[in-house]
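*Asks:* Let me see the structure of the following:
(one chain, ligands or ions: 2)
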Amino acid sequence: MAYIGKINELLARMTLEEKIGQMTQVEKNSLTPEIVKRFFIGSVLSGGGGYPIENTLQGWVKMVSDFQEAALQTRLGIPLLYGVDAVHGHNNLSGAVIFPHNIGLGATRDEELVYRIGRATAEEMAATGVHWNFAPTIAVPQDLRWGRTYEGYAQNPQWAAKLGATYIRGLQGDRLDDPLSVLGTAKHYLGDGGTTWGTSRMLFPIPPGAPFEGENNVFAFTIDQGDTRVDEATLRATHLTPYIAAIQAGAQVVMASFSSWNGHKLHAHHYLLSEVLKGELGFEGFIVSDWAGIDQVSPDYHQAVVTSINAGVDMAMVPHDYERFISTLKQAVEQGEISPAHIDDAVGRILSVKFKAGLFERPLPDPEYLSLVGTAQHRQLAREAVAKSLVLLKNDEQTLPLSKNTPTILVAGRAADDIGLQCGGWTIEWLGKPGPITPGTTILSGIRAVLPHPDGVIYDQNGLFKQLGDQEAEIGIAVLAEMPYAEGFGDRADLTLPPEDVLLIQRLRPRCRRLVVILLSGRPLILTDQLPLVDALVAAWLPGTEGQGVTDVLFGDLPFTGKLSYNWPRNMQQIPLQGGMDPLFPFGYGG
Ligand code: BGC
Ligand code: BGC
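*Replies:* Ligands and ions are numbered 1, 2, ... in the order given. Reported below is the predicted structural model:
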């Protein structure tokens, strides 16, 4: 192990409390710098939507630095690791560049692009003092009803492996201890993308204001956090493959999955965590639990902590009740249920990663880097990524590309002019949110910007265009979007196009000679019945803040090059897709 001398020296000086502090990760809303000092907290996280009261660069720098300075004031001055989910850019920070979600990057098939996105994301994170990203998700999603499908690059392990590993290389740069490098996390180990519909037991309290319904204000997940029912050979071939690539790429952290394998929780899985990952694959970094993942191991919290830590979890994402975790773990060690050697191994792994990341030399952010956030260069990169992610599914009579001299273009759909819908979940808020939630360019403003006569663009979000009377325009563009969601809140039994989107298509159809539909979604949706009404259909996934990337391709400044990284089913019976079925558009399809 790297830094073995320094680690042993520290371990020899550390009390049990100090060691347990290193194994404890707390959500920033449950914490103050004083508590960091008192409990020697080793890691702090911002969960989804975990921005400071003032969501600005300065607000972030202050929040992160205040915690870090507290850690540095402890007896041994071990710096803490601040972690966030920067899953498509530094997405909780207002003004950060938001890149397409991974499903879109999967469609680009462009490793070099994904590398550069990793670099840019690392720069924006490092500017705020954050050196740990809970990304990439290297899941291999097998069922489109899963609310996390868009977090995965592809339904196929080879592409999930390639792009996930490349993204980790991008985040971590040439040297992990470079001030502009951040740690990646390979998640969620193992089989998160393979869970069976109907096996989730998760009942999640609906966050205030979120547009979801459930009995007693609780939302029932259906597949997210469920049970992956496959044999070991399938588990390995489909779901383990990306981890092998991630470790080769230098991944230092692996996050355990909420899900189970054949009824056995991953957070309690000694064989998969310790024997396969740390043993067979030689993983030298540390395993972090998922959000309160340990609590799910047993109704008896003491038992849950003992089982999970002994199974191989090194750091607990607690995230709230740190006193309970700390006292439980302490008691378990004192009673001999967890050995001191096991604790030293976990703490040694965590310290080793902190050393490798250069945290001891440079714990605090350098104000010089503040100018790296939201730059024109990063926006240009995101725009390029959007353009490359678009998949052309239908293009009758070469409707696309459109001519910039089209006299009148009708644009319909709320999603045409909505940054929040373009970005999807994990953007400013955990579940995302419609509206102007962060600066960016909408598709509508992108269209207007590219045309010599922007007045020719008529926008009616409801697609009625009453002012036009009986007139027929040459081109109509309907932009449809899934409402934003994250995790199990996106589990959906029925992926058919919702009635309001069907209505929008029906309204716009008679008003234009050629109808173009742009779909913003975290996964393929069922639109077989609408297809005959549409002249051109573009899958734009969840493109992020740079909507101009859509217009670059729509008007022919750049070609369509994206390819489907998931099968596009004809109907719900084709989900999950099994061999022998004939999808509407197969994996790899793209005009
Ligand atoms: C947090 C997310 C977290 C989720 C737990 C939310 O309240 O903001 O970061 O992923 O809970 O599943
Ligand atoms: C999610 C993880 C995420 C964590 C912290 C959990 O709910 O499953 O992917 O990293 O929250 O936000």
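
*Asks:* Residues of this protein that sit close to ligand 1?
*Replies:* Residues of the chain that fall close to ligand 1, judged by Cβ under 6 Å from any ligand atom: 47, 48, 49, 291, 430, 487. To be clear about C-beta, it is placed using only N, CA and C from the backbone, and glycine gets the same treatment.

*Asks:* Out of those, which sit inside strands?
*Replies:* The strands, defined by DSSP state E, take in nothing from the residues of the chain next to ligand 1.

*Asks:* For stretch 207-217, buried residues please.
*Replies:* For stretch 207-217, burial by neighbour count (16 or more other Cβ atoms under 10 Å) applies to residue 210.

*Asks:* ok, residues contacting it?
*Replies:* Contact with stretch 207-217 is made by 205, 206, 219, 220, 430, 431, 483, 489, as judged by Cβ atoms under 8 Å, 6 or more residues apart in numbering.

*Asks:* hmm, try it at 10 Å
*Replies:* For stretch 207-217, the surrounding residues in contact (Cβ atoms under 10 Å, 6 or more residues apart in numbering) are 48-49, 203-206, 218-220, 429-434, 483-486, 489-490.

*Asks:* Quick check: end-to-end length of it?
*Replies:* With Cα to Cα, to the nearest Å as the measure, the ends of stretch 207-217 fall 9 Å from one another.

*Asks:* go on, stretch 530-546?
*Replies:* Counting by Cα to Cα, you get 28 Å between the two ends of stretch 530-546.

*Asks:* Would you mind writing the CA trace of the helix or strand hosting residue 165 as PDB?
*Replies:* For residue 165, the host element (DSSP states H and E) is helix 157-172. C-alpha atoms of helix 157-172 as PDB (Å, rounded to 0.1, in the frame of the first residue of the first chain):
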ATOM      1  CA  PRO A 157     -21.100  -3.800 -19.900                       C
ATOM      2  CA  GLN A 158     -18.400  -3.000 -22.400                       C
ATOM      3  CA  TRP A 159     -19.500   0.600 -23.000                       C
ATOM      4  CA  ALA A 160     -20.300   1.100 -19.300                       C
ATOM      5  CA  ALA A 161     -16.800  -0.100 -18.600                       C
ATOM      6  CA  LYS A 162     -15.000   2.000 -21.300                       C
ATOM      7  CA  LEU A 163     -16.800   5.300 -20.600                       C
ATOM      8  CA  GLY A 164     -16.900   4.900 -16.800                       C
ATOM      9  CA  ALA A 165     -13.100   4.100 -16.700                       C
ATOM     10  CA  THR A 166     -12.400   7.000 -19.000                       C
ATOM     11  CA  TYR A 167     -14.400   9.400 -16.900                       C
ATOM     12  CA  ILE A 168     -12.500   8.300 -13.800                       C
ATOM     13  CA  ARG A 169      -9.300   9.000 -15.600                       C
ATOM     14  CA  GLY A 170     -10.600  12.400 -16.500                       C
ATOM     15  CA  LEU A 171     -11.600  13.300 -13.000                       C
ATOM     16  CA  GLN A 172      -8.300  12.100 -11.500                       C
END
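
*Asks:* just how off-centre is that helix within its chain?
*Replies:* Here helix 157-172 is found 14 Å from its chain centre; the criterion is Cα atoms, centre = their mean, to the nearest Å.

*Asks:* Can you name the next helix or strand after that helix?
*Replies:* Counting by DSSP H and E, the next helix or strand C-terminal to helix 157-172 is strand 185-189.

*Asks:* and that following strand, how far out from the chain's middle?
*Replies:* 11 Å.

*Asks:* neighbouring strands for the next helix or strand after it, and are they parallel or not?
*Replies:* The helix or strand immediately downstream of strand 185-189 is strand 203-205, counting by DSSP H and E. Strand 203-205 has its sheet partners listed here by DSSP bridges as strand 218-220 (antiparallel).

*Asks:* Can you give the contact residues for the strand it pairs with?
*Replies:* 200-207, 210, 212-214, 488-489, 491.

*Asks:* Among those residues, find me the one that's closest to residue 371.
*Replies:* Closest approach to residue 371 among those (Cβ to Cβ): residue 207, at 33.9 Å.

*Asks:* Give me the buried subset of the contacts of stretch 207-217.
*Replies:* Burial by neighbour count, judged by 16+ other Cβ under 10 Å, picks out 48-49, 204, 206, 219, 429-434, 483-486, 489-490 from the contacts of stretch 207-217.

*Asks:* and the residue of the chain found nearest ligand 1, what does it touch?
*Replies:* Closest residue of the chain to ligand 1, Cβ to the nearest ligand atom: residue 47 (2.7 Å). Shown in contact with residue 47 (Cβ under 10 Å, 6+ apart): 27, 28, 29, 83, 84, 85, 92, 134, 291, 317, 319, 430.

*Asks:* any chance you could read off phi and psi for the second one?
*Replies:* The phi and psi torsions at residue 28 (degrees, to the nearest 10) take the values phi -60, psi -30.

*Asks:* Name the residue most distant from the centre of the protein?
*Replies:* Ranked by distance from the centre of the chain (Cα atoms, centre = their mean), the top residue is residue 470, with 45.4 Å.

*Asks:* give the contact list for the residue positioned nearest the centre of the chain.
*Replies:* For the chain, the residue sitting closest to the mean C-alpha position, by Cα atoms, centre = their mean, is residue 87 at 3.6 Å. Taking Cβ under 10 Å, 6+ apart, we find residue 87 in contact with 48, 98-99, 101-102, 121, 133-137, 150-151, 187, 425-427, 486.

*Asks:* can we see that at 8 Å?
*Replies:* With contacts defined as Cβ under 8 Å, 6+ apart, the neighbours of residue 87 are 101, 102, 133, 134, 135, 136, 137, 151, 426.

*Asks:* Quick one, grab the pLDDT at it.
*Replies:* Looking at residue 87, its pLDDT reads 98.

*Asks:* Among the buried ones among the contacts of stretch 207-217, which are located in helices?
*Replies:* Assigned to helices by DSSP state H, none of the buried ones among the contacts of stretch 207-217 qualify.

*Asks:* among those, which are in reach of ligand 2?
*Replies:* Within the buried ones among the contacts of stretch 207-217, those near ligand 2 by Cβ under 6 Å from any ligand atom are residue 48.

*Asks:* Up against ligand 2, what does this protein have?
*Replies:* Counting by Cβ under 6 Å from any ligand atom, the residues of the chain that sit close to ligand 2 are 47, 48, 85, 134, 187, 290, 291, 487.

*Asks:* helix or strand for the spatially closest residue to the fifth one that is not a sequence neighbour, which one?
*Replies:* Using Cβ to Cβ, 6 or more residues apart in numbering and skipping residues adjacent in sequence, the residue nearest residue 187 is residue 255, 3.7 Å away. Applying DSSP H and E as the criterion places residue 255 in strand 253-256.

*Asks:* In the stretch 351-500 of the chain, which residue sits nearest ligand 2?
*Replies:* residue 487 (5.8 Å).

*Asks:* pLDDT at that residue, what is it?
*Replies:* Taking residue 487 on its own, its pLDDT is 98.

*Asks:* Residue 588: what's it in contact with?
*Replies:* By Cβ under 8 Å, 6+ apart, the residues touching residue 588 are 563, 564.
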